[in-house]
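>>> Using only what follows, build the 3D model:
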Amino acid sequence: MVRLSPSTLSPLSSLSLGLTLTFMLTACTPSAPLPLADLSLNLGTQRGAQATQPFTGKWTVAGKPFWLQVSPTSGQGDVNVQVSADRGAATPLAADQAALTGQIRIEWKTGDGEAQRGTATWTVKADQYVLTGRLREEATAQGQDLRLGAGPSARPPQTGQARGVIVKYRDVKGAFVGKGGSAATVSERAGETLRASALSVISSRPLSTDTTALQVGDVDAALQVLRADQRVEYAVPNALLQAQTLPQPPLAQPLEPTDQYAALQWPFRLLGYSAVWRDMEGGAYSRPVTVAVLDSGVRYDHPDLEDTLWKPDEGALDLLADPKNGDGDGTDDDPTDPGDRNRTTGSHGTHVTGIIAARWGQNTPSCAGCSLTGVVGAVRRANVKVLPLRVIDEAGNATVADVALAVRYAAGLPITLAEKTVTNPQRAAVINLSLGAPISADTARPVCEAVQDALDAGSLVIAAAGNGYSTVPYYPAACPAAVAVGSVTLSGGSAPKHAVYSSAYDSVQLSAPGGTDPRLDPGTFNGGTLNGVPFQDLVLSTSWDYARAQPNYEAEAGTSQAAPQVSALAALLLSKGVTDDAASTLARLNATATDLGAAGRDPLFGSGMINAAAALGAPAISDTLGLRLQDSRGLVFQPPVDVLGNFKAYLGDGIFSVVGGRDRDGNGIYGETNEPRTERSVTLGPSLPQVDVGDLIPR
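Modelled structure (predicted):
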């Protein structure tokens, strides 16, 4: 199990500077020491500048904004520092600040004996770069295409649907005398002809000097009479034409669970599960699939997991061989989580399992005050069950040997326990590993070989990428045959962002919601409240209160929570029959992921965040137009869009993905894999401080 831990941000590397500013001060007495003066430094649109000020004494940069870098940070004699701006780090979500300002505080000391001390304040201003454009709807065609084709909408004219007749006469130059002896119009001429045959004319309207339209009581009879008249060039029905916009399929009604805490489970909304759960109403998710969860065990007595787990006599195992580090009875078929030694934390394995398989609806009453409905899991009514395998001990540790053994067992490969050969009767198509450590590739060889064996046997191994706040690989996620899952969290904009704790390295293949770091990056963008307080962007799932010996629900964050989201979706793909093996399942997960950050696969997000609605072909439940703006580092911005679709964003330098798109799965992310979209890639910086991307028309 990988735990969250605080970390410091690494400073950005030095940037090239195109501007040098020198400030010269003259003292009244040449021999007097010069104090360090306050000054203003305007970077304009440059990334940075060299600032120089004559000085005699020692000085130290005592404070600065996080988005400014100063090098060096201390010295003696003249102050000569390089000041660089990381504008993107300070750009607000709305990208509506035309310039950034901040103050560098420099403490100084000069003179002999009675030394002079003081503080100088350098005020720095940096202009932002400007991105403009316009978001527009796609134009729709109107009017009837009169060319008859073989398409499904082509049909012969039906006079019964016509609104009267249209008649044209061959010769209108000669006078036509009506009943009153005066010249008659074409409308009067046609009307007289029809009335002479006892046909009613309700109204008429001339279209030209020789053509008129008449509304009549009997279209077929009127056409027969008019066509028999030698003076008539033609008589046709006044047929109906239709607008030629293809009809959109009606939007499906999103399916929202009513369990007590389901509204706080924002990861499911972000992945489009309201559409997926509606899709399940058709009953297509019928193929049986087992997901093995190799973890701290599980609480079988949690009412929200009733009937969702394979039991001790059905293949579940506790693989901890050392009684001192397990539950006291060694390897057996009961993977019940005993909790930590002090009974102070919840059940990690139960939390991971609930993300996948927590029951919907009413639970069996278990204790006074306990929720009767609790939370929900991703798989809902699909034919998916979890196989608990205990490999994490009471201290929160798992050995490479135990994990390797459990991976092979989960995949249906025979293993030896207590000198007996044991084979899993519930071969797992998906194996979830919400555990890991930054060990070396050489040390990880035994578990990586087991993961490869499992893949060769047909099991897809999903592993948490690690909560290392760094770029150091974690194993077994970094094993070549494993699928390493990074974590994203809500940003407040129309795309999620990389979670600060989530380890970023080349092996990361996919991302999923794992929640925010409540210490370094607190967020409450999910909009929910719990006990009258905004609910943090954490992942809520089943757990256990060991102090009270009763079930509960806990909010956690980490790549441990992101991995089971991928495992659940992989199981649903197999259960619905969208895919039929590990290779096609992984290919589908990657192909339908929402690309975030840098274009294509990158160490922060892998191929992107999984998209359940797109992967499973769920029906559309919404159809809204919006803008998605993100830079290559995964920073998200949401500039306002006016009623005409115009937007203007003030940004830092970098490469930006500008997406105009529609949201069809109700998750608030525009232009995903299965949705209409258009995208521009824009580079902003000193050499190109302003760009207009023009019209964005999703297609």
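>>> for the stretch 201-350 of the chain, what spans make up the helices?
Ranges of helices within the stretch 201-350 of the chain are 219-227, 266-270, 273-279, 348-357, based on DSSP state H, counting those that start in this stretch.
>>> Quick one: list the elements packing against the first one.
When contacts are defined as 3 or more Cβ pairs under 8 Å, 6 or more residues apart in numbering; DSSP states H and E, helix 219-227 packs onto strand 165-169, helix 186-196, strand 232-237. In short, each C-beta sits where N, CA and C put it, glycine included.
>>> how about 6 Å then?
Identification of packing neighbours for helix 219-227 by 3 or more Cβ pairs under 6 Å, 6 or more residues apart in numbering; DSSP states H and E yields strand 165-169, strand 232-237.
>>> before we move on, the earlier item: so for A599, which of the helices of the stretch 201-350 of the chain sits nearest?
Closest to A599 of these, according to Cβ to Cβ: helix 266-270, at 21.2 Å.
>>> Run through who's touching that closest one.
P513, N526, N667 (Cβ atoms under 6 Å, 6 or more residues apart in numbering).
>>> Those residues in strands, which ones?
P513 (DSSP state E).
>>> List just the nearest of the contacts of helix 266-270 to A115.
Proximity of these to A115, judged by Cβ to Cβ, is greatest for N526, which lies at 54.7 Å.
>>> Need the helices and strands packed on helix 219-227 in TSV (columns: distance to Q97, mean pLDDT and mean neighbour count).
As requested, those are exported to TSV (distance: least, Cβ to Cβ, whole Å; pLDDT from 0 to 100; neighbours: other Cβ atoms under 10 Å):
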stretch	distance to Q97	mean pLDDT	mean neighbour count
strand 165-169	64	95	23
strand 232-237	64	95	16
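>>> so where's the stretch 51-200 of the chain shaky on pLDDT?
Confidence mapping of the stretch 51-200 of the chain against pLDDT under 70 gives the ranges 112-114, 139-160, 173-183.
>>> Just say which of the helices of the stretch 201-350 of the chain is most tucked in.
Of the helices of the stretch 201-350 of the chain, the one with the most neighbours on average (mean count of other Cβ atoms under 10 Å) is helix 348-357, at a mean of 30.
>>> what angle do the longest helix seen in the chain and helix 348-357 make?
Ordering each helix of the chain by length in residues (DSSP state H) puts helix 559-576 first. Counting by axes from the mean of the first three to the mean of the last three Cα atoms, to 10 degrees, helix 559-576 points 40 degrees away from the direction of helix 348-357.
>>> Now do helix 559-576: everything it contacts.
Residues contacting helix 559-576 (Cβ under 6 Å, 6+ apart): 284-285, 287, 289, 291, 352, 355-356, 378-379, 382-384, 429-430, 432, 434, 460, 462, 464-467, 485, 487, 502, 510, 512, 514-515, 539, 579, 585, 588, 610, 612.
>>> Restricted to strands, list those residues.
Helix and strand membership here follows DSSP E; of the contacts of helix 559-576, those in strands are 289, 291, 384, 430, 432, 460, 462, 464, 485, 487, 510, 512, 539.
>>> Contact partners for the last one?
Shown in contact with V539 (Cβ under 6 Å, 6+ apart): G515, E556, Q561.
>>> Kindly report the same for the fifth one.
When contacts are counted by Cβ under 6 Å, 6+ apart, N432 touches V293, I462, A563, P564, S567.
>>> Recalculate using a threshold of 8 Å.
Contact criterion Cβ atoms under 8 Å, 6 or more residues apart in numbering gives V291, A292, V293, L294, D295, V352, I356, I462, A463, A563, P564, S567 as the residues in contact with N432.
>>> need the residues you listed in CSV with pLDDT and distance to G272, can you?
Converted to CSV, the contacts of N432 look like this (pLDDT from 0 to 100; distance: Cβ to Cβ, whole Å):
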residue, pLDDT, distance to G272
V291, 98, 20
A292, 98, 25
V293, 98, 23
L294, 98, 28
D295, 98, 26
V352, 98, 21
I356, 98, 17
I462, 98, 19
A463, 98, 24
A563, 98, 19
P564, 98, 17
S567, 98, 17
